[in-house]
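K.L.:
Got a predicted structure here, sequence first:
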Amino acid sequence: MAKNLVIVESPAKAKTIEGFLGKDFLVKSSYGHVRDLSKNKLGVDVEKNFAPNYEIPPDKKKVVTELKKLSKDAETVWLATDEDREGEAISWHLAESLKLDDDKYKRIVFHEITAKAIKNAISNPRKIDNNLVNAQQARRILDRLVGFELSPLLWKKVKPALSAGRVQSVAVKLIVEREREIQNFKPESSYRVIAYFEVKKNNEKHSFKADLPKRFKTKKEALDFLESCKGAEYSVENTETKPSKKTPSAPFTTSTLQQEASRKLGFSVARTMMVAQKLYESGKITYMRTDSVNLADSAIESAKKIISNQFGEKYAKTRKYSTKSKGAQEAHEAIRPTYLENDAVAGSSDEQKLYQLIWKRTIASQMSEALFDKTNITIGISTSEYKFIATGEVLVFDGFLKVYIESSEDEDATSESSDSIILPPLKVSQKLDLKEINAIERFTKHLPRFTEASLVKKLEELGIGRPSTYAPTISTIQKREYVLKESREGHEREYGFICFKENKIFETKKTENTGVEKNKLFPTDIGVVVTKFLVEYFDDILDYNFTAELEKKFDDIAQGLYEWNKLINDFYGAFHDKVEETTKKSEKFSGTRLLGEDPKSGRNVYARIGRYGPMVQIGDTDEEEKPKFAGIRKNQSLESSTLEEALELFKLPRKIGLYEDKELIASVGRFGPYIKYDGSFYSIPKDEDPLNISKDRAVEIIEAKKEADRKKIIKTFEKEDPDSKILRGRWGPYFSYKGKNYRIPKDAEPEKMTYSECVKLTKQATSPKKTRKKKKGTTKK
DNA sequence: CAGTGAGCGAGCTTCCGCTTGACTT
């Protein structure tokens, strides 16, 4: 038996460390937290000074039992969880649930997974820091109280199964507020003036462009300016060249990795994390949930060698980065390749792409800055006070740009960041030939909508959420249907274009496409109404500084300056009163809007949130005749719906004719618009309207679906059992038998399988399937 | 799975942060 049991949080980490420590050490993993507040109850005794009731969740029973057994056999248990609030708490929960006496365990910490760091940690053990643990308990309990009191309030006042919390509700609010700003935004236009000049050098013509720094508010001003240019001469008044430089960005943290993978590879934040997890588990990168930009000394050294060998010594520059983000706890390293000498790895294409991104970013972070010469040339106009400015940028030394160019935040920025803009050599008082001047109408732009990754960036800036929760938070707010990730096509917009050439002015109108959105986050009606509700009654929790202020208090607790239950008590009194008070108010918070009067019945028409989502309603509930309801369409919104649109919705379900003597009915259901025909349902594509879909189109949809279903069938067994079939599903071929489905093994040829072979499959599969089904059933009950 | 929406009342939903598999028709 091993004398020493070391417990870390992640199994991949355990495997690595075991290699460093030799045979007297057995290294195991706790798989994160081993205890938590009860899943379905509040789990906090509000009456007894907020005493928490911790439980070992069912999926953690096995690992706790195993660790308990191993710890009994060991002389010393080394609690080696992360050195942050959560890590300290994990150690404490381990000590509690494994019943470790004070002299049985030692607490150690390290920030990088290197042999040196671990041996150093082993020789510097300490005890569990109870203050830090208490800070975690305060965090955990406050989050539970907020989440488990606000969510039920939403169920009562807005709609069942909604949720609210310190992190997710602020994330939604950011999107709701940004959308409101965008809707209220009125673009203003002005005229931007660009001149194109030409100079001759060695009989070669060089052309270049120059901007007028002044923007003209109106077309008339622009025209006046161009008019003044008639007969003008242009000459160089001043030239100025200054060196400039660009420095590389810090190595990746979770948040910056998510942002760059989104911009450069088009990954969602969840996809980035899944791929990174794979790379981590196979030992190719360091831990992927981190807020630290720090690199291990050994990695810095190895980077220096690789850069010197590959690019030359002048490309290497050792850099240490320090974090700028609020509330960073820096329990790990930055995300980097474990072995920097591997500039590529085997694996899926996603893994290769993400690995290369990480490799380049890490290497670049240890490289020299790129050097530029920036030239500004002022060009005078003989007939005007205005000046043109031409700017050039010449790359003198590429430095880190050799391996890595960071993507720009601004999606519309031109991608010339690494290319030089070269100006011809020009002398002061040199005369220039004008080719033409363009005055182009440009519009101001609203702030961009959030992408998943830019929302993560914003949350990190506000100190809200942690590396392990960014991706889950983003999917929660989409799962609750508070926000929608959507792409939208733009629309055409006309803009003025004035050209000045050979002393003549030509005016035209041109069009451009504007408002294109790709994978952006849009708030839904539910998101808007819930945010309105929470901001109205719980503005303190929805405040962007709420978490930051709390973090200061948690720090005080961690330093032993304040008691954790006192902090909770300070918060809970007023909070709970507000919840009670709001509960008592009888009216629902459903974002109701009176749209007008139904011309047929004279009854009121409303739009509001109902039990199943946004809907329109004719008539009031206290009237004798029951109100009529209809769900609103995906592309409509509560805030902008009109009486006309609402009345349209009541025209469904709509009979659209007969097909082979059976009725075709178009309507909208839970899963969107559909056609009902012969007892079956056929979905109408999103961009088509069930209100005016033609009979021919309906038949087309039905036949297409029937055809697809036919293709789904690989084989039937008319003789043996007409209800059993081999079908093609999302996960490959399967056998459908007596209402259940059985997977067909990959190496089998489904076309050639006989009925008895298929039935054999069902026999093999029954035992594990049954036990799982049972489990599910009992947990539900 | 293709309805629903009031109100009754049963029983259910829900938070944030740590961590992975087992499993999908």
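P.N.:
Everything's here; your move. Residues are numbered from 1 along each chain as shown, chains lettered A, B, ... in the order given.
K.L.:
Give me the neighbour count for A:L354.
P.N.:
30 (other C-beta atoms under 10 Å). Any C-beta I mention is one placed from the backbone N, CA and C, and that applies to glycine too.
K.L.:
does the residue of chain A most remote from its centre sit in a helix, a strand or a coil?
P.N.:
In chain A, counting by C-alpha atoms, centre = their mean, A:G231 sits farthest out from the average C-alpha position, at 56.0 Å. Three-state assignment for A:G231 (DSSP: H, G, I helix; E, B strand; the rest coil): coil.
K.L.:
which residues touch it?
P.N.:
Going by C-beta atoms under 8 Å, 6 or more residues apart in numbering, A:G231 touches A:383, A:503.
K.L.:
and it, backbone torsions?
P.N.:
A:G231 adopts backbone torsions of phi 70, psi 10, taken as degrees, to the nearest 10.
K.L.:
in what helix or strand does A:E580 lie?
P.N.:
For A:E580, the host element (DSSP states H and E) is helix A:564-584.
K.L.:
And DNA strand B, is that helix touching that?
P.N.:
No: Helix A:564-584 stays clear of DNA strand B (C-beta under 7 Å from any atom of the strand), getting no nearer than 11.3 Å.
K.L.:
which residues are contacting that helix?
P.N.:
A:46, A:49-50, A:134-135, A:137-138, A:141-142, A:145-146, A:149-150, A:153, A:156-157, A:537-538, A:541, A:553-554, A:557.
K.L.:
for stretch A:20-29, same thing?
P.N.:
A:2-11, A:13-15, A:17-18, A:63, A:66-67, A:70, A:74, A:78, A:114-115, A:118-119, A:122.
K.L.:
With stretch A:502-518 instead?
P.N.:
So stretch A:502-518 is in contact with A:223, A:226-227, A:230-231, A:443, A:449, A:486-500, going by C-beta under 8 Å, 6+ apart.
K.L.:
Near DNA strand B, which residues of the stretch 551-700 of chain A are found?
P.N.:
Within reach of DNA strand B by C-beta under 7 Å from any atom of the strand, the stretch 551-700 of chain A has these residues: A:610-615, A:621, A:629-631, A:667, A:669-672, A:674, A:676, A:681, A:683.
K.L.:
out of those residues, which are buried?
P.N.:
By neighbour count, with 16 or more other C-beta atoms under 10 Å, these hold A:610, A:614-615, A:629-631, A:667, A:674, A:676 as buried.
K.L.:
Let me see the backbone angles for A:V176.
P.N.:
phi -60, psi -40.
K.L.:
Kindly tell me how buried A:E188 is, as a neighbour count.
P.N.:
9.
K.L.:
Please name the residues that touch the residue nearest to A:F671 when sequence neighbours are not counted.
P.N.:
Spatial nearest neighbour of A:F671, excluding adjacent residues (C-beta to C-beta, 6 or more residues apart in numbering): A:S683 at 6.9 Å. Shown in contact with A:S683 (C-beta under 8 Å, 6+ apart): A:671-674, A:701, A:705.
K.L.:
Confidence-wise, which helix or strand of chain A is lowest on average?
P.N.:
helix A:755-780 (a mean of 51; mean pLDDT, DSSP states H and E).
K.L.:
Nearest spatial neighbour of the closest residue to DNA strand B within the stretch 201-350 of chain A, chain-adjacent residues omitted?
P.N.:
Using C-beta to the nearest atom of the strand, A:R289 is the residue of the stretch 201-350 of chain A that sits closest to DNA strand B, at 4.3 Å. Distances taken as C-beta to C-beta, 6+ apart place A:P467 nearest to A:R289, at 4.2 Å, with adjacent residues excluded.
K.L.:
check contacts around that neighbour.
P.N.:
A:253-255, A:289-291.
K.L.:
got it, and A:S38?
P.N.:
A:53, A:55 are the contacts of A:S38 under C-beta under 8 Å, 6+ apart.
K.L.:
Need the pLDDT of the spatially most central residue of chain A.
P.N.:
Nearest to the mean C-alpha position of chain A, counting by C-alpha atoms, centre = their mean, stands A:E452 at 2.5 Å. A:E452 is assigned a pLDDT of 98 by the prediction.
K.L.:
Can you verify my assumption that it contacts A:L484?
P.N.:
No: using C-beta atoms under 8 Å, A:E452 makes no contact with A:L484, being 11.8 Å away.
K.L.:
where do the contact lists of these two overlap?
P.N.:
A:L521.
K.L.:
All the helices of the stretch 51-200 of chain A, in order from the start?
P.N.:
Counting by DSSP state H, counting those that start in this stretch, the segments of the stretch 51-200 of chain A that form helices are A:61-73, A:85-97, A:115-122, A:130-157, A:168-184.
K.L.:
Please enumerate residues in contact with the third one?
P.N.:
Residues outside helix A:115-122 that contact it (C-beta under 8 Å, 6+ apart): A:17, A:20-21, A:78, A:80, A:108-111, A:296, A:298.
K.L.:
That helix: how far from the chain's middle?
P.N.:
Centroid separation between helix A:115-122 and its chain, computed with C-alpha atoms, centre = their mean, to the nearest Å, is 36 Å.
K.L.:
Just the buried positions in that helix, please.
P.N.:
A:117-118, A:121-122.
K.L.:
A:S384 pairs with what?
P.N.:
A:I381 (DSSP bridges).
K.L.:
what's the spacing between it and A:S429?
P.N.:
Distance, A:S384 to A:S429, using C-beta to C-beta, to the nearest Å: 17 Å.
K.L.:
out of those two, which sits in the busier spot?
P.N.:
A:S384 (12 against 9).
K.L.:
Spit out the contact partners of the residue lying closest to A:P125 once chain neighbours are set aside.
P.N.:
Leaving aside its sequence neighbours, A:P125 sits nearest to A:K106 (C-beta to C-beta, 6+ apart; 3.7 Å). Taking C-beta under 8 Å, 6+ apart, we find A:K106 in contact with A:76-79, A:125-126.
K.L.:
ok, 10 Å please
P.N.:
A:4, A:6, A:76-80, A:100, A:121-122, A:124-128 (C-beta atoms under 10 Å, 6 or more residues apart in numbering).
K.L.:
Quick check: beta-bridge partners of it?
P.N.:
In beta-bridge terms (that is, DSSP bridges), A:K106 pairs with A:W78.
K.L.:
And the pLDDT at it?
P.N.:
98.
K.L.:
likewise A:E416?
P.N.:
On the pLDDT scale, A:E416 is placed at 44.
K.L.:
now do A:R593
P.N.:
On the pLDDT scale, A:R593 gets 89.
K.L.:
residues in contact with the nearest residue to it once chain neighbours are set aside?
P.N.:
Among residues not flanking A:R593 along the chain, A:A607 sits closest, at 4.9 Å (C-beta to C-beta, 6+ apart). Contacts for A:A607 were tallied using C-beta under 10 Å, 6+ apart; they are A:525, A:590-595, A:614-617, A:632, A:636-643, A:645-646, A:649.
K.L.:
rewinding a little: narrow the contacts of stretch A:502-518 to those that are buried.
P.N.:
If we count by 16+ other C-beta under 10 Å, the contacts of stretch A:502-518 have these buried: A:223, A:226, A:449, A:495-496, A:498, A:500.
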